[in-house]
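K.L.:
I'll drop the sequence and a predicted model, then ask my questions.
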Amino acid sequence: MKAEQKSLTYRLEIIDSLIAQNQKKQAFKELKKIQKKAVDSWTYLGVYKRYLQLTENSAAEALIKKAIKRHSNNPELIAVYSKYLINNNRFEEAEKLAEKLKSSKYGSVYSEIYLRKALQKNEAEDLFVYFVQEPFFQIFYDAYTGSNNPLWLKNCAVSMLYNGELKKAATLNPEFYADADDAYFWATVLYDGGEYYDSISAVEKSKQFLRDYQNSGLYRVSQIAQIALESDSFMALSDFEGAENVRQEIIPAIFDLPKKEGDEKLIPVIMVNSAIWAKGLKDADAEADLLFDIVTNYPDFVPGLILYADFAYESSLEREEDDEVKALRRAGISSLEMEKYDNRRKIPLSDALYRIDLSLSKSPEPYLEVEKLDLEYKSNRNITEKEKTRDLWNILERNYAEGEKYKELLVQYALNFLLRTKQTEDASSLFYKYIYDKYHFNEKEGFYVQFAERVKEINLPMAEFGGYFACLNKCFAEALRIYEFCVFESGGITSDGQISTRVGTAPCMNLSDMYFANGEKQKAMDLYGKTAGREVDNKLRSEIFYRIANIYVADGDTKNALRSADYAYNINNENERAFLLRTLLRNK
């Protein structure tokens with residue numbers, strides 16, 4: 001057999017020589033002789049290839065068909081003949097033959113056939129929606145396996161993301177990235193999949209590509225977009241200092257950086273987040289500088305205007321001074337601390353209101369309407385609760401639009417106000433009316449049953465109100481489902497126990513309370529612990545640890561109860577309930 005194989009190889013080499021010398025007739029005759037001795041797939045393929053070189057397509061096809069008849073499951077023969085059929089636009093035959101190649105190392109051949117046919121058949125304008133549906137994922141993956149082209153793997157990720165499989169999409173993250181755009185794409189996938197550490201790592205790779213490549217203008221991603229995503233990942237991990245450190249890489253020169261499409265929307269967001277960080281550090285100078293830059297360069301950026309107005313109001317307030325400080329002032333003496341306070345940065349309240357009015361004159365904006373109203377209420381303590389309620393209904397009516405009904409933000413503000421002022425019946429009535437109008441609930445079916453079933457369609461803030469009102473109406477099973485959606489599913493990631501990055505602390509605490517009330521103490525403890533870990537406000541953290549202490553008390557675990565109550569009081573000395581519980585536990 002070895003001798004015969006050597007003989008065939010030698011004769012094929014002679015044929016190659018004849019082809020090179022343009023002696024095509026002689027080469028064709030020799031091929032006819034050799035094909036009679038072909039037995040294995042590789043010999044068939046060797047002869048087939050040379051027939052194609054001689055443009056003897058009929059002889060080539062006849063041979064490959066014969067070979068497949070003898071070796072019906074040979075993937076190489078099937079792949080080669082399928083490719084021949086594709087090249088001759090015989091897609092129906094090719095698809096039937098290549099179906100055996102699906103999910104194999106030659107699956108990309110079947111993918112090509114399927115995609116070509118799909119493009120021919122589908123004439124819809126929105127090809128994107130068509131191609132992210134099943135069975136295209138496997139088609140894309142086979143194409144990637146056969147070609148190692150990262151674009152096919154990106155298609156797989158997009159398909160999964162579109163269909164809500166965010167965690168699975170993140171598992172496709174490749175070991176290496178092709179360039180800055182490729183690394184940034186996977187950073188966004190990893191962020192959406194909740195893999196924040198890996199997202200940060202991918203952004204760092206993208207930044208490195210951008211630094212190392214001289215002609216960085218060819219990339220679609222910009223340094224601004226990279227920083228925005230990386231800082232968001234740090235924030236999702238509750239590492240707010242890390243997020244600020246990343247933002248500071250570009251903040252000092254942010255207006256001078258090269259801009260790409262979409263960057264103008266990211267810049268004010270980055271700056272607002274840094275202003276909030278500065279506010280938390282009580283760095284009024286840094287906060288004021290950032291806010292002034294924002295409202296100057298982005299005069300209609302609503303979050304910037306709101307923060308600017310809040311700063312203006314807070315800086316206009318005068319602190320209550322003790323008798324000693326008043327005496328020093330009467331004597332014309334100032335301490336260093338007094339001088340620092342007197343020279344603090346201020347923004348005139350009139351300037352903030354002027355900027356809000358100017359923006360509202362261009363287009364109505366519910367957020368700004370609410371902020372303006374809030375400023376007026378804080379500035380004038382003589383406005384009664386009744387007058388505030390009247391103003392609220394007037395704004396709601398003014399912003400009522402057929403087809404849109406009440407603007408949702410205003411409804412949220414109204415619900416908060418009405419509940420805070422104990423106008424629960426009016427709040428409940430407004431909530432029912434808004435939900436019925438917007439989501440077309442069936443009035444013959446239970447309101448909260450429908451709400452729980454359709455909670456994924458409802459915006460998160462309204463879903464949180466739904467959980468609260470469901471509890472108020474003693475619909476506890478529905479309330480539990482609503483709150484579990486808010487806490488664990490609203491961010492799109494459904495991993496066990498992972499809190500959504502979109503949800504606030506209050507719904508997490510409410511759900512923890514419900515678990516405790518249902519006797520699920522461990523679930524309550526776990527959720528309280530995770531909530532405390534992501535919360536930066538010490539007043540809220542203190543309340544969480546106070547509640548954890550109560551769970552330990554219910555379990556008879558005095559040691560851990562005391563430790564939790566101690567911690568609750570230490571981080572917030574104004575928590576009187578924590579102080580009282582700590583005192584009781586110490587005296588046991």
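P.N.:
Received it, and whenever you're ready, just let me know what you need.
K.L.:
which residues make contact with stretch 461-478 from outside it?
P.N.:
Stretch 461-478 is contacted by residues 408, 411-412, 415, 424, 428, 431, 434-435, 446, 448-449, 451-452, 455, 458, 479, 482-483, 485-486, 490, 503-504, 506-507, 510, 514 when judged by C-beta atoms under 8 Å, 6 or more residues apart in numbering. For every residue, glycine as well, the C-beta is placed using N, CA and C.
K.L.:
Mind doing that once more with 6 Å?
P.N.:
412, 415, 431, 448, 451, 452, 455, 479, 482, 483, 486, 507 (C-beta atoms under 6 Å, 6 or more residues apart in numbering).
K.L.:
In this structure the last one contacts residue 484, no?
P.N.:
No - in terms of C-beta atoms under 6 Å, residue 507 does not count as a neighbour of residue 484; the distance is 9.7 Å.
K.L.:
Okay, now the unreliable bits of the stretch 401-550 of the chain?
P.N.:
Residue ranges of the stretch 401-550 of the chain with pLDDT under 70: 401-406, 493-496.
K.L.:
for it, what spans make up the helices?
P.N.:
Along the stretch 401-550 of the chain, the segments classed as helices by DSSP state H, counting those that start in this stretch run 408-420, 424-439, 447-453, 460-472, 476-484, 505-517, 521-534, 538-555.
K.L.:
One more: the stretch 51-200 of the chain?
P.N.:
57-70, 75-87, 91-98, 107-121, 127-131, 136-147, 150-162, 166-170, 180-192, 196-212.
K.L.:
Would you mind putting these into JSON lines with mean pLDDT and mean neighbour count alongside?
P.N.:
Output for the helices of the stretch 51-200 of the chain, formatted as JSON lines (pLDDT from 0 to 100; neighbours: other C-beta atoms under 10 Å):
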{"stretch": "helix 57-70", "mean pLDDT": "88", "mean neighbour count": "16"}
{"stretch": "helix 75-87", "mean pLDDT": "87", "mean neighbour count": "20"}
{"stretch": "helix 91-98", "mean pLDDT": "83", "mean neighbour count": "18"}
{"stretch": "helix 107-121", "mean pLDDT": "74", "mean neighbour count": "19"}
{"stretch": "helix 127-131", "mean pLDDT": "68", "mean neighbour count": "13"}
{"stretch": "helix 136-147", "mean pLDDT": "77", "mean neighbour count": "20"}
{"stretch": "helix 150-162", "mean pLDDT": "86", "mean neighbour count": "19"}
{"stretch": "helix 166-170", "mean pLDDT": "89", "mean neighbour count": "20"}
{"stretch": "helix 180-192", "mean pLDDT": "95", "mean neighbour count": "23"}
{"stretch": "helix 196-212", "mean pLDDT": "94", "mean neighbour count": "19"}
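K.L.:
among those helices, which is nearest residue 569?
P.N.:
Nearest to residue 569, of all the helices of the stretch 51-200 of the chain, is helix 196-212, at 32.3 Å by C-beta to C-beta.
K.L.:
Relative to the whole chain's centre, how far out is the closest one?
P.N.:
Counting by C-alpha atoms, centre = their mean, to the nearest Å, helix 196-212 is centred 17 Å from the centre of its parent chain.
K.L.:
C-alpha coordinates for it, PDB please?
P.N.:
Written as PDB, here are the backbone C-alpha positions of helix 196-212 (Å, rounded to 0.1, in the frame of the first residue of the first chain):
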ATOM      1  CA  TYR A 196     -17.200  44.200  36.100                       C
ATOM      2  CA  TYR A 197     -13.700  43.200  37.000                       C
ATOM      3  CA  ASP A 198     -13.200  41.600  33.600                       C
ATOM      4  CA  SER A 199     -14.800  44.700  32.000                       C
ATOM      5  CA  ILE A 200     -12.200  46.900  33.700                       C
ATOM      6  CA  SER A 201      -9.500  44.600  32.400                       C
ATOM      7  CA  ALA A 202     -10.800  44.800  28.900                       C
ATOM      8  CA  VAL A 203     -11.000  48.600  29.000                       C
ATOM      9  CA  GLU A 204      -7.400  48.700  30.200                       C
ATOM     10  CA  LYS A 205      -6.400  46.600  27.100                       C
ATOM     11  CA  SER A 206      -8.400  49.000  24.900                       C
ATOM     12  CA  LYS A 207      -6.600  52.000  26.400                       C
ATOM     13  CA  GLN A 208      -3.200  50.300  25.900                       C
ATOM     14  CA  PHE A 209      -4.000  49.700  22.200                       C
ATOM     15  CA  LEU A 210      -5.000  53.400  21.900                       C
ATOM     16  CA  ARG A 211      -1.800  54.500  23.500                       C
ATOM     17  CA  ASP A 212       0.500  52.200  21.500                       C
END
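K.L.:
Could you point out the helix or strand that follows that helix?
P.N.:
helix 223-236 (DSSP states H and E).
K.L.:
thinking again about what came up before, in TSV, list the helices of the stretch 401-550 of the chain along with mean neighbour count.
P.N.:
Shown next, in TSV, are these (neighbours: other C-beta atoms under 10 Å):
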stretch	mean neighbour count
helix 408-420	19
helix 424-439	16
helix 447-453	20
helix 460-472	21
helix 476-484	20
helix 505-517	20
helix 521-534	17
helix 538-555	19
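K.L.:
quick one: contacts for residue 487?
P.N.:
499, 503, 507, 508, 511.
K.L.:
Please report the distance of the last one from residue 526.
P.N.:
The one in question is residue 511. Counting by C-beta to C-beta, to the nearest Å, the separation of residue 511 from residue 526 is 11 Å.
K.L.:
and if you look at the first one?
P.N.:
With distances defined as C-beta to C-beta, the gap from residue 499 to residue 526 amounts to 10 Å.
K.L.:
would TSV of the helices of the stretch 51-200 of the chain with distance to residue 344 be doable?
P.N.:
Converted to TSV, those look like this (distance: least, C-beta to C-beta, whole Å):
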stretch	distance to residue 344
helix 57-70	85
helix 75-87	74
helix 91-98	74
helix 107-121	64
helix 127-131	53
helix 136-147	58
helix 150-162	47
helix 166-170	45
helix 180-192	38
helix 196-212	36
